[in-house]
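Undergrad: heads up, no residue letters with this:
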Ligand SMILES: CCCCCCCCCCCCC/C=C/C(=O)SCCNC(=O)CCNC(=O)[C@H](O)C(C)(C)COP(=O)(O)OP(=O)(O)OC[C@H]1O[C@@H](n2cnc3c(N)ncnc32)[C@H](O)[C@@H]1OP(=O)(O)O
(Lines give C-alpha, C1' and ligand atoms only; values in the text may rest on other atoms or scores of the structure.)
Protein backbone atom coordinates (compact mmCIF):
# COMPACT_ATOMS: atom_id res chain seq x y z
CA UNK A 1 0.00 0.00 0.00
CA UNK A 2 2.77 2.38 1.09
CA UNK A 3 4.81 1.46 -1.95
CA UNK A 4 1.73 2.03 -4.17
CA UNK A 5 1.31 5.55 -2.75
CA UNK A 6 5.04 6.19 -3.23
CA UNK A 7 4.79 5.01 -6.85
CA UNK A 8 1.80 7.33 -7.34
CA UNK A 9 3.57 10.39 -5.96
CA UNK A 10 6.69 9.56 -8.03
CA UNK A 11 4.53 9.42 -11.17
CA UNK A 12 2.91 12.73 -10.22
CA UNK A 13 6.33 14.34 -9.66
CA UNK A 14 7.57 13.03 -13.00
CA UNK A 15 4.44 14.35 -14.73
CA UNK A 16 4.85 17.75 -13.07
CA UNK A 17 8.49 17.88 -14.13
CA UNK A 18 7.56 17.01 -17.71
CA UNK A 19 4.86 19.74 -17.72
CA UNK A 20 7.36 22.29 -16.34
CA UNK A 21 9.95 21.41 -18.99
CA UNK A 22 7.30 21.56 -21.72
CA UNK A 23 6.06 24.95 -20.54
CA UNK A 24 9.64 26.30 -20.26
CA UNK A 25 10.34 25.09 -23.81
CA UNK A 26 7.09 26.65 -25.06
CA UNK A 27 7.92 29.98 -23.40
CA UNK A 28 11.47 29.88 -24.82
CA UNK A 29 10.15 29.16 -28.32
CA UNK A 30 7.46 31.87 -28.15
CA UNK A 31 9.96 34.41 -26.83
CA UNK A 32 12.33 33.59 -29.69
CA UNK A 33 9.46 33.73 -32.22
CA UNK A 34 8.11 37.06 -30.96
CA UNK A 35 11.56 38.69 -30.77
CA UNK A 36 12.30 37.53 -34.34
CA UNK A 37 8.97 38.89 -35.58
CA UNK A 38 9.39 42.23 -33.77
CA UNK A 39 12.87 42.54 -35.29
CA UNK A 40 11.57 41.60 -38.75
CA UNK A 41 8.84 44.23 -38.75
CA UNK A 42 11.27 46.80 -37.33
CA UNK A 43 13.64 46.07 -40.22
CA UNK A 44 10.69 46.66 -42.58
CA UNK A 45 9.80 49.94 -40.86
CA UNK A 46 13.39 51.20 -41.16
CA UNK A 47 13.65 50.06 -44.79
CA UNK A 48 10.41 51.85 -45.72
CA UNK A 49 11.38 55.07 -43.92
CA UNK A 50 14.87 55.00 -45.49
CA UNK A 51 13.46 54.39 -48.96
CA UNK A 52 11.02 57.28 -48.69
CA UNK A 53 13.59 59.70 -47.22
CA UNK A 54 16.18 58.86 -49.91
CA UNK A 55 13.85 58.75 -52.93
CA UNK A 56 11.08 61.12 -51.90
CA UNK A 57 8.46 58.82 -53.47
CA UNK A 58 6.65 55.61 -52.64
CA UNK A 59 7.16 54.33 -56.19
CA UNK A 60 9.38 51.26 -56.07
CA UNK A 61 8.94 50.85 -52.31
CA UNK A 62 7.11 47.53 -52.54
CA UNK A 63 9.79 46.00 -54.78
CA UNK A 64 12.43 47.24 -52.37
CA UNK A 65 10.97 45.56 -49.30
CA UNK A 66 9.09 42.64 -50.86
CA UNK A 67 11.57 39.87 -49.91
CA UNK A 68 11.58 40.81 -46.22
CA UNK A 69 7.82 41.30 -46.20
CA UNK A 70 7.17 37.92 -47.83
CA UNK A 71 9.49 36.17 -45.42
CA UNK A 72 8.07 37.59 -42.19
CA UNK A 73 4.42 37.53 -43.24
CA UNK A 74 4.76 33.90 -44.34
CA UNK A 75 6.55 33.03 -41.08
CA UNK A 76 3.34 34.20 -39.35
CA UNK A 77 1.71 30.96 -40.51
CA UNK A 78 3.31 29.51 -37.39
CA UNK A 79 0.73 31.47 -35.40
CA UNK A 80 -1.98 29.17 -36.66
CA UNK A 81 0.18 26.23 -35.58
CA UNK A 82 0.69 27.80 -32.14
CA UNK A 83 -3.09 27.97 -31.64
CA UNK A 84 -3.71 24.50 -33.10
CA UNK A 85 -1.24 22.80 -30.75
CA UNK A 86 -2.45 24.84 -27.75
CA UNK A 87 0.72 26.87 -27.29
CA UNK A 88 -1.32 30.09 -27.10
CA UNK A 89 -4.90 30.60 -25.96
CA UNK A 90 -6.31 32.02 -29.18
CA UNK A 91 -8.91 30.79 -31.63
CA UNK A 92 -7.50 28.88 -34.62
CA UNK A 93 -10.31 30.25 -36.79
CA UNK A 94 -9.79 33.92 -35.87
CA UNK A 95 -6.02 33.62 -36.27
CA UNK A 96 -6.43 31.55 -39.45
CA UNK A 97 -8.63 34.19 -41.12
CA UNK A 98 -6.25 36.99 -40.10
CA UNK A 99 -3.08 35.24 -41.25
CA UNK A 100 -4.51 33.75 -44.47
CA UNK A 101 -5.94 37.09 -45.58
CA UNK A 102 -2.50 38.69 -45.11
CA UNK A 103 -0.68 35.88 -46.94
CA UNK A 104 -3.22 36.11 -49.74
CA UNK A 105 -2.70 39.90 -50.00
CA UNK A 106 1.06 39.52 -50.16
CA UNK A 107 1.51 36.49 -52.43
CA UNK A 108 -1.58 36.35 -54.65
CA UNK A 109 -2.37 40.02 -55.04
CA UNK A 110 0.48 42.48 -54.49
CA UNK A 111 3.36 40.21 -55.39
CA UNK A 112 1.69 38.65 -58.40
CA UNK A 113 0.36 41.81 -60.06
CA UNK A 114 3.27 44.11 -60.72
CA UNK A 115 1.06 46.90 -62.14
CA UNK A 116 -0.51 47.62 -58.74
CA UNK A 117 2.64 47.62 -56.61
CA UNK A 118 2.99 51.40 -56.74
CA UNK A 119 -0.58 52.13 -55.64
CA UNK A 120 -0.93 54.39 -52.57
CA UNK A 121 -3.23 51.75 -51.06
CA UNK A 122 -0.29 49.32 -50.93
CA UNK A 123 1.69 51.84 -48.87
CA UNK A 124 -1.36 52.32 -46.65
CA UNK A 125 -1.71 48.67 -45.67
CA UNK A 126 2.07 48.21 -45.44
CA UNK A 127 2.43 51.08 -42.97
CA UNK A 128 -0.61 49.95 -40.97
CA UNK A 129 0.56 46.31 -40.79
CA UNK A 130 4.06 47.38 -39.80
CA UNK A 131 2.96 49.63 -36.93
CA UNK A 132 0.46 46.99 -35.75
CA UNK A 133 2.89 44.11 -35.83
CA UNK A 134 5.73 45.93 -34.07
CA UNK A 135 3.28 46.72 -31.27
CA UNK A 136 1.69 43.25 -31.18
CA UNK A 137 4.89 41.22 -31.17
CA UNK A 138 6.60 43.46 -28.64
CA UNK A 139 3.47 43.15 -26.48
CA UNK A 140 3.77 39.34 -26.55
CA UNK A 141 7.55 39.45 -25.94
CA UNK A 142 7.35 41.77 -22.92
CA UNK A 143 4.35 39.81 -21.55
CA UNK A 144 6.32 36.56 -21.74
CA UNK A 145 9.23 38.03 -19.77
CA UNK A 146 6.81 39.68 -17.29
CA UNK A 147 8.07 43.20 -18.00
CA UNK A 148 5.22 44.70 -19.97
CA UNK A 149 5.30 48.53 -20.10
CA UNK A 150 1.78 49.95 -19.82
CA UNK A 151 2.09 52.05 -22.99
CA UNK A 152 2.67 48.90 -25.09
CA UNK A 153 -0.35 47.20 -23.52
CA UNK A 154 -2.36 50.37 -24.12
CA UNK A 155 -1.18 50.61 -27.73
CA UNK A 156 -1.89 46.91 -28.41
CA UNK A 157 -5.50 47.22 -27.27
CA UNK A 158 -6.32 50.72 -28.57
CA UNK A 159 -4.50 51.27 -31.84
CA UNK A 160 -6.39 48.51 -33.63
CA UNK A 161 -9.59 50.60 -33.30
CA UNK A 162 -8.23 52.88 -36.04
CA UNK A 163 -5.59 50.63 -37.60
CA UNK A 164 -7.88 47.72 -38.42
CA UNK A 165 -10.32 49.74 -40.58
CA UNK A 166 -7.40 51.58 -42.21
CA UNK A 167 -5.69 48.28 -43.04
CA UNK A 168 -8.90 46.90 -44.49
CA UNK A 169 -9.38 50.03 -46.64
CA UNK A 170 -5.81 49.65 -47.96
CA UNK A 171 -6.33 45.97 -48.73
CA UNK A 172 -9.72 46.39 -50.40
CA UNK A 173 -8.53 49.33 -52.50
CA UNK A 174 -5.52 47.28 -53.62
CA UNK A 175 -7.66 44.29 -54.64
CA UNK A 176 -10.04 46.67 -56.41
CA UNK A 177 -7.21 48.23 -58.40
CA UNK A 178 -6.02 44.74 -59.38
CA UNK A 179 -9.37 43.76 -60.94
CA UNK A 180 -8.86 45.25 -64.43
CA UNK A 181 -5.42 43.62 -64.82
CA UNK A 182 -6.74 40.28 -63.63
CA UNK A 183 -9.71 40.45 -66.00
CA UNK A 184 -7.53 41.43 -68.96
CA UNK A 185 -4.78 38.89 -68.39
CA UNK A 186 -6.93 35.98 -67.21
CA UNK A 187 -4.23 35.18 -64.68
CA UNK A 188 -4.67 32.23 -62.31
CA UNK A 189 -7.85 31.38 -64.21
CA UNK A 190 -8.82 28.14 -65.86
CA UNK A 191 -11.14 28.23 -68.86
CA UNK A 192 -13.19 25.42 -70.34
CA UNK A 193 -12.60 23.19 -72.17
CA UNK A 194 -9.61 21.67 -70.35
CA UNK A 195 -8.57 18.15 -69.42
CA UNK A 196 -9.78 18.54 -65.82
CA UNK A 197 -13.18 19.84 -66.97
CA UNK A 198 -13.21 22.57 -64.30
CA UNK A 199 -13.24 26.32 -64.66
CA UNK A 200 -11.95 28.96 -62.28
CA UNK A 201 -12.19 32.70 -62.69
CA UNK A 202 -9.70 34.58 -60.53
CA UNK A 203 -11.48 37.87 -61.26
CA UNK A 204 -14.73 36.52 -59.75
CA UNK A 205 -12.74 34.94 -56.93
CA UNK A 206 -11.25 38.34 -56.03
CA UNK A 207 -14.71 39.88 -55.95
CA UNK A 208 -15.86 37.08 -53.62
CA UNK A 209 -12.84 37.72 -51.37
CA UNK A 210 -13.73 41.42 -51.25
CA UNK A 211 -17.32 40.56 -50.32
CA UNK A 212 -16.15 38.11 -47.67
CA UNK A 213 -14.66 41.05 -45.73
CA UNK A 214 -18.26 42.12 -44.96
CA UNK A 215 -19.06 39.17 -42.67
CA UNK A 216 -15.48 38.32 -41.61
CA UNK A 217 -13.96 41.66 -40.68
CA UNK A 218 -16.58 42.53 -38.01
CA UNK A 219 -15.87 39.17 -36.33
CA UNK A 220 -12.16 40.00 -36.05
CA UNK A 221 -12.89 43.53 -34.94
CA UNK A 222 -15.38 42.47 -32.26
CA UNK A 223 -12.97 39.77 -31.11
CA UNK A 224 -10.35 42.49 -30.55
CA UNK A 225 -12.90 44.72 -28.80
CA UNK A 226 -13.67 41.82 -26.41
CA UNK A 227 -9.94 41.25 -25.83
CA UNK A 228 -9.61 44.96 -25.10
CA UNK A 229 -12.38 44.86 -22.48
CA UNK A 230 -10.85 41.76 -20.92
CA UNK A 231 -7.27 43.02 -20.76
CA UNK A 232 -7.71 46.76 -20.14
CA UNK A 233 -10.89 46.69 -18.07
CA UNK A 234 -10.64 43.23 -16.49
CA UNK A 235 -14.03 42.07 -17.77
CA UNK A 236 -14.65 38.32 -17.75
CA UNK A 237 -15.53 37.36 -21.31
CA UNK A 238 -16.89 33.96 -22.25
CA UNK A 239 -15.87 33.24 -25.85
CA UNK A 240 -17.66 30.68 -27.99
CA UNK A 241 -15.56 27.57 -28.81
CA UNK A 242 -14.04 27.09 -32.27
C1 LIG B 1 -7.82 32.37 -49.08
C2 LIG B 1 -7.88 33.75 -48.66
C3 LIG B 1 -8.73 34.01 -47.47
C4 LIG B 1 -8.99 35.45 -47.36
C5 LIG B 1 -10.08 35.77 -46.38
C6 LIG B 1 -10.49 37.19 -46.56
C7 LIG B 1 -11.34 37.74 -45.49
C8 LIG B 1 -10.58 38.60 -44.56
C9 LIG B 1 -11.40 39.47 -43.75
C10 LIG B 1 -10.62 40.13 -42.65
C11 LIG B 1 -9.56 40.99 -43.10
C12 LIG B 1 -8.64 41.46 -42.03
C13 LIG B 1 -7.62 42.29 -42.62
C14 LIG B 1 -6.59 42.67 -41.65
C15 LIG B 1 -5.96 43.78 -41.73
C16 LIG B 1 -5.02 44.16 -40.74
O17 LIG B 1 -4.34 43.44 -40.08
S18 LIG B 1 -4.94 45.78 -40.58
C19 LIG B 1 -3.87 46.12 -39.24
C20 LIG B 1 -4.58 46.10 -37.93
N21 LIG B 1 -4.56 44.76 -37.49
C22 LIG B 1 -4.65 44.41 -36.22
O23 LIG B 1 -4.80 45.20 -35.31
C24 LIG B 1 -4.48 42.96 -36.02
C25 LIG B 1 -5.23 42.49 -34.89
N26 LIG B 1 -5.22 41.07 -34.98
C27 LIG B 1 -4.66 40.35 -34.07
O28 LIG B 1 -4.15 40.82 -33.12
C29 LIG B 1 -4.63 38.85 -34.20
O30 LIG B 1 -4.30 38.51 -35.47
C31 LIG B 1 -5.95 38.20 -33.78
C32 LIG B 1 -5.83 36.71 -34.06
C33 LIG B 1 -7.10 38.78 -34.56
C34 LIG B 1 -6.23 38.44 -32.31
O35 LIG B 1 -5.27 38.06 -31.53
P36 LIG B 1 -5.48 37.20 -30.19
O37 LIG B 1 -4.30 36.31 -30.16
O38 LIG B 1 -6.80 36.55 -30.06
O39 LIG B 1 -5.49 38.27 -29.08
P40 LIG B 1 -4.44 38.60 -28.01
O41 LIG B 1 -5.17 39.34 -26.97
O42 LIG B 1 -3.30 39.29 -28.62
O43 LIG B 1 -3.92 37.17 -27.48
C44 LIG B 1 -4.72 36.21 -26.77
C45 LIG B 1 -3.85 35.37 -25.86
O46 LIG B 1 -2.89 34.62 -26.61
C47 LIG B 1 -1.57 35.02 -26.28
N48 LIG B 1 -0.77 35.02 -27.48
C49 LIG B 1 -1.23 35.13 -28.74
N50 LIG B 1 -0.22 35.10 -29.59
C51 LIG B 1 0.91 34.98 -28.86
C52 LIG B 1 2.29 34.90 -29.19
N53 LIG B 1 2.72 34.98 -30.47
N54 LIG B 1 3.16 34.79 -28.18
C55 LIG B 1 2.76 34.73 -26.90
N56 LIG B 1 1.46 34.79 -26.52
C57 LIG B 1 0.55 34.92 -27.50
C58 LIG B 1 -1.72 36.40 -25.69
O59 LIG B 1 -0.68 36.78 -24.87
C60 LIG B 1 -3.03 36.27 -24.94
O61 LIG B 1 -2.78 35.57 -23.73
P62 LIG B 1 -3.69 35.77 -22.45
O63 LIG B 1 -3.77 37.23 -22.18
O64 LIG B 1 -2.99 35.00 -21.39
O65 LIG B 1 -5.03 35.18 -22.79
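TA: Cool, got the structure. All values reported here derive from a predicted model rather than from experimental measurement.
Undergrad: In the protein, what residue comes closest to the ligand?
TA: Here the chain gets closest to the ligand at one residue, residue 167, 2.1 Å apart by CB to the nearest ligand atom. For the C-beta atoms, the positions are set from N, CA and C on the backbone; glycine is no exception.
Undergrad: Outside of the helix or strand where residue 130 lies itself, list whatever touches it.
TA: Using DSSP states H and E, residue 130 maps to helix 120-144. Here helix 120-144 makes contact (CB atoms under 8 Å, 6 or more residues apart in numbering) with 27, 30-31, 34-35, 37-38, 41-42, 44-45, 48, 58, 61-62, 65, 69, 73, 102, 105, 110, 116, 148-149, 152-153, 155-156, 159-160, 163, 166-167, 169-171, 173-174, 177.
Undergrad: same deal with stretch 147-158?
TA: Here stretch 147-158 has contacts from 135, 136, 138, 139, 142, 224, 227, 228, 231, 232, using CB under 8 Å, 6+ apart.
Undergrad: So which bits of it are buried?
TA: Buried positions in stretch 147-158, judged by neighbour count with 16 or more other CB atoms under 10 Å: 148, 152, 153, 155, 156, 157.
Undergrad: Surely the second one is within a strand?
TA: Spelled out, that is residue 152. No: secondary structure assignment (DSSP: H, G, I helix; E, B strand; the rest coil) places residue 152 in helix, not in a strand.
Undergrad: in the helix holding residue 130, what's buried?
TA: 121-144.
Undergrad: near the ligand too, which of the residues you listed?
TA: 128, 129, 132, 136, 140, 143, 144 (CB under 6 Å from any ligand atom).
Undergrad: On the secondary structure side, give me the element for the closest residue in space to residue 90 that isn't next to it in sequence.
TA: Closest residue to residue 90 apart from its sequence neighbours, by CB to CB, 6 or more residues apart in numbering: residue 83 at 4.9 Å. Using DSSP H and E, residue 83 sits in helix 78-84.
Undergrad: what's residue 200 sitting at in phi/psi?
TA: phi -140, psi 130 (degrees, to the nearest 10).
Undergrad: so what's it bridging to?
TA: Beta-bridge pairing for residue 200 (DSSP bridges): residue 190.
Undergrad: check contacts around it.
TA: Contacts of residue 200 by CB under 8 Å, 6+ apart are 188, 189, 190.
Undergrad: Enumerate every residue touching the nearest residue to the second one once chain neighbours are set aside.
TA: The reference is to residue 189. The spatially closest residue to residue 189, leaving aside those adjacent along the chain, is residue 202, at 4.7 Å (CB to CB, 6+ apart). Taking CB under 8 Å, 6+ apart, we find residue 202 in contact with 182, 186, 187, 188, 189.
Undergrad: Neighbours of residue 190, how many?
TA: 12 (other CB atoms under 10 Å).
Undergrad: on that earlier part again, check the contacts of residue 202 for burial and list the buried ones.
TA: Buried among the contacts of residue 202 (16+ other CB under 10 Å): residue 182.
Undergrad: list the helices and strands the helix or strand just after the helix holding residue 83 packs on?
TA: Per DSSP H and E, helix 78-84 leads on to helix 92-103 as the next helix or strand towards the C-terminus. Judged by 3 or more CB pairs under 8 Å, 6 or more residues apart in numbering; DSSP states H and E, helix 92-103 is in contact with helix 61-75, helix 78-84, helix 202-233.
Undergrad: and the longest one, what's its mean pLDDT?
TA: The one in question is helix 202-233. For helix 202-233, mean pLDDT rounds to 96.
Undergrad: Many thanks, we can stop here.
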